[in-house]
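Asks: Sharing a model that was predicted from the sequence below.
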Amino acid sequence: MYRQVILNDVCREITVGHVGPMIDEYVEFGIPLLRSQNIRPFRLDQSNMKYISEDFHKKLKKSALAPGDVVVVRTGYPGTACVIPKTLSVANCADLVIIRPSRDIDPHFLSSLFNSAWGKSTVAGNLVGAAQQHFNVGAAKSMSVRLPAIGIQRRIASILSAYDELIENNTRRIKILEDMAQMIYREWFVNFRFPGHENGPMVESELGPIPEGWSAKCVTDAVLVNPATRVPKEGMKPFLPMGGLSEDSMLISNVEEREGNSGVKFKNGDTLFARITPCLENGKTGFVQFLASDDAVAFGSTEFIVLRSKTVCPEYLYLMARSSEFRNNAIKSMSGATGRQRVQQACFNAFFIAQPDEDTLVRFRSVVGPMFKLVTSLNSRNVNLRSTRDFLLPKLVSGEVQVEAAAELLEQTA
């Protein structure tokens, strides 16, 4: 049984985080200060956290947070909401709507309401301001919401939270796999501590001592830079904008379908390397393994540089492109107008590597190749989990789908 209520009537308090300049108040260590970029649908992103002093925290009593509070983004992606977890016992916030529910409303259910299609459209219809529209406290207080009994709220919240936990576990595994692959790359090909290295002598080269049987090689002798690849102009095909590259992962997202063939062309196994500021400095790099077959070709932003393995292997190439040495070499070559500087392709002629022997490359690929494939598999699972959760979300909060049916679907999905 659902009842229609005004949000302010079922909450202990609805207020707003500190609004105003903050940059002079940041400290290296202190009380976590949450901002809109830390709030993701259903979860708190604690990367890129800012901190304030304990004295300033005490001055901002109104915006001090506690576990169980619901925080809602006001500007940028207004309506995005999450619950302050128990692990964050002390925190403060800036420019967020803070909702402290009463016992009549479960905070995770309330967060789900805001993140649902209904919540997003309701918030979008209540934005105020001319120069920069935002979701304010008054609009939050006056929101009319449908609430089931608290027991049903908690069951709905537990189902949706289970999806979030599965997604988060997969995301952590992806991060661990990528870190492991990068560590193995550095151990084998930078520190030269590959399996059996102790049994082979080092020989002098223009790079310094390298393992016997390896050779010092310009990277353009080992890698094809922007190789000629044909893609037909007619028909729909995958297109990747710059926003599809991650700053800290090989994963590629936001793939579109477009006609034409204007832009760089790439295939499975290629590495995409951002060539424009600030995308390059921020780390935008991707590994292509989302195409249906190894013969398939896609195209993308002209601001990508396509790197294709010639004498190394695709996994080696991607991990090298992620290395600080390779990236810094590219950054030093950048030229052009301020804010639009681009990498000069000639810079790759100045970067040298120790070309491993074939046996070492085969062994390396046998170790890291399955890691790359598992990253893609885990990401595919996350895509399916998010799709299922987003399908269920509006139907659960509206009562269109019964909790029992959603619980059975969760068991099948997990």
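Replies: Yep, it's here.
Asks: Going by C-alpha atoms from here, please, whenever you check contacts or count neighbours.
Replies: Fine.
Asks: Helices along the stretch 251-400 of the chain, start to end?
Replies: Counting by DSSP state H, counting those that start in this stretch, one finds helices in the stretch 251-400 of the chain at the ranges 279-282, 314-322, 324-332, 358-398.
Asks: so who does the most centrally placed residue in the chain touch?
Replies: Nearest to the mean C-alpha position of the chain, by CA atoms, centre = their mean, lies residue 246 at 6.3 Å. With contacts defined as CA atoms under 8 Å, 6 or more residues apart in numbering, residue 246 is in contact with 252, 283-286.
Asks: Most neighbours out of those, which is it?
Replies: residue 285 (29 neighbours; other CA atoms under 10 Å).
Asks: What's opposite it in the beta bridge?
Replies: residue 273 (DSSP bridges).
Asks: Confirm for me that it is in contact with residue 275.
Replies: No. With contact defined as CA atoms under 8 Å, residue 285 does not count as touching residue 275 (9.8 Å).
Asks: who's in contact with residue 249?
Replies: Taking CA under 8 Å, 6+ apart as the criterion, residue 249 is in contact with 175, 178, 285-286.
Asks: That one: what secondary structure?
Replies: For residue 249, the assignment made with DSSP: H, G, I helix; E, B strand; the rest coil gives coil.
Asks: before we move on, what about residue 93?
Replies: strand.
Asks: CA atoms only for stretch 188-195 - export them in PDB, please.
Replies: Listed next in PDB are the C-alpha coordinates belonging to stretch 188-195 (Å, rounded to 0.1, in the frame of the first residue of the first chain):
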ATOM      1  CA  TRP A 188      59.500  -7.600 -17.000                       C
ATOM      2  CA  PHE A 189      60.300  -4.800 -19.400                       C
ATOM      3  CA  VAL A 190      61.500  -1.800 -17.300                       C
ATOM      4  CA  ASN A 191      63.200  -3.500 -14.400                       C
ATOM      5  CA  PHE A 192      64.100  -6.600 -16.500                       C
ATOM      6  CA  ARG A 193      63.100  -9.000 -13.800                       C
ATOM      7  CA  PHE A 194      61.200 -11.500 -16.000                       C
ATOM      8  CA  PRO A 195      61.100 -15.200 -15.200                       C
END
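Asks: Let me see the contact set for the closest residue to residue 260 other than its chain neighbours.
Replies: Nearest residue to residue 260, sequence neighbours excluded (CA to CA, 6 or more residues apart in numbering): residue 233, at 4.3 Å. Neighbouring residues of residue 233 by CA under 8 Å, 6+ apart: 259-261.
Asks: one step back: adding mean neighbour count, distance to residue 303 and mean pLDDT, write the helices of the stretch 251-400 of the chain out as a markdown table.
Replies: Output for those, formatted as a markdown table (neighbours: other CA atoms under 10 Å; distance: least, CA to CA, whole Å; pLDDT from 0 to 100):
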| stretch | mean neighbour count | distance to residue 303 | mean pLDDT |
| --- | --- | --- | --- |
| helix 279-282 | 17 | 9 | 92 |
| helix 314-322 | 22 | 16 | 97 |
| helix 324-332 | 15 | 14 | 94 |
| helix 358-398 | 17 | 24 | 92 |
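Asks: Next SSE downstream of the helix or strand containing residue 177?
Replies: Taking DSSP states H and E as the criterion, residue 177 maps to helix 150-189. As assigned by DSSP H and E, the chain's next helix or strand after helix 150-189 is strand 202-203.
Asks: Contacts for that next one, please.
Replies: 209-212.
Asks: Tell me which strands the helix or strand following that strand pairs with, and in which orientation.
Replies: Going down the chain from strand 202-203, the next helix or strand is strand 210-211, by DSSP H and E. Partners of strand 210-211 in the sheet, by DSSP bridges, are strand 202-203 (antiparallel).
Asks: and the strand it pairs with, what's its mean pLDDT?
Replies: Taken as a whole, strand 202-203 has an average pLDDT of 93.
Asks: Give the full set of residues in contact with the closest residue to residue 186 other than its chain neighbours.
Replies: Spatial nearest neighbour of residue 186, chain neighbours left out: residue 192 (8.0 Å); criterion: CA to CA, 6+ apart. Applying CA under 8 Å, 6+ apart to residue 192 gives the contacts 186, 210-211.
Asks: and of the residues you listed, the nearest to residue 157?
Replies: Closest to residue 157 out of those is residue 186 (43.2 Å), distances taken as CA to CA.
Asks: picking that back up, most neighbours among the contacts of residue 233, which one?
Replies: Those, ranked by neighbours (other CA under 10 Å): first place residue 261, 20 neighbours.
Asks: Using a markdown table, lay out the contacts of residue 192 together with distance to residue 117 and pLDDT.
Replies: As requested, the contacts of residue 192 are exported to a markdown table (distance: CA to CA, whole Å; pLDDT from 0 to 100):
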| residue | distance to residue 117 | pLDDT |
| --- | --- | --- |
| 186 | 45 | 96 |
| 210 | 58 | 95 |
| 211 | 58 | 95 |
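Asks: Nearest to residue 304, out of those residues: which one, please.
Replies: Nearest to residue 304 among the contacts of residue 192, counting by CA to CA, is residue 186 at 24.7 Å.
Asks: neighbours of the closest one, just the number please.
Replies: Residue 186: 17 neighbours (other CA under 10 Å).
Asks: Okay, and residue 146 sits in which element?
Replies: Going by DSSP H and E, residue 146 is in strand 144-147.
Asks: gap between the residue nearest to residue 186 and residue 362?
Replies: As judged by CA to CA, to the nearest Å, residue 192 and residue 362 stand 16 Å apart.
Asks: again, but for residue 274
Replies: Using CA to CA, which is the criterion applied here, residue 274 is 28 Å from residue 362.
Asks: Over to residue 54?
Replies: Applying CA to CA, the value for residue 54 to residue 362 is 54 Å.
Asks: Show me how the protein divides into domains.
Replies: 3-147, 152-202+357-414, 215-355 (automatic domain parsing).
Asks: could you pull out the strands for the stretch 1-150 of the chain?
Replies: Applying DSSP state E, counting those that start in this stretch to the stretch 1-150 of the chain gives strands spanning 3-6, 11-16, 26-27, 31-34, 39-40, 43-44, 50-52, 70-73, 81-83, 92-93, 96-101, 144-147.
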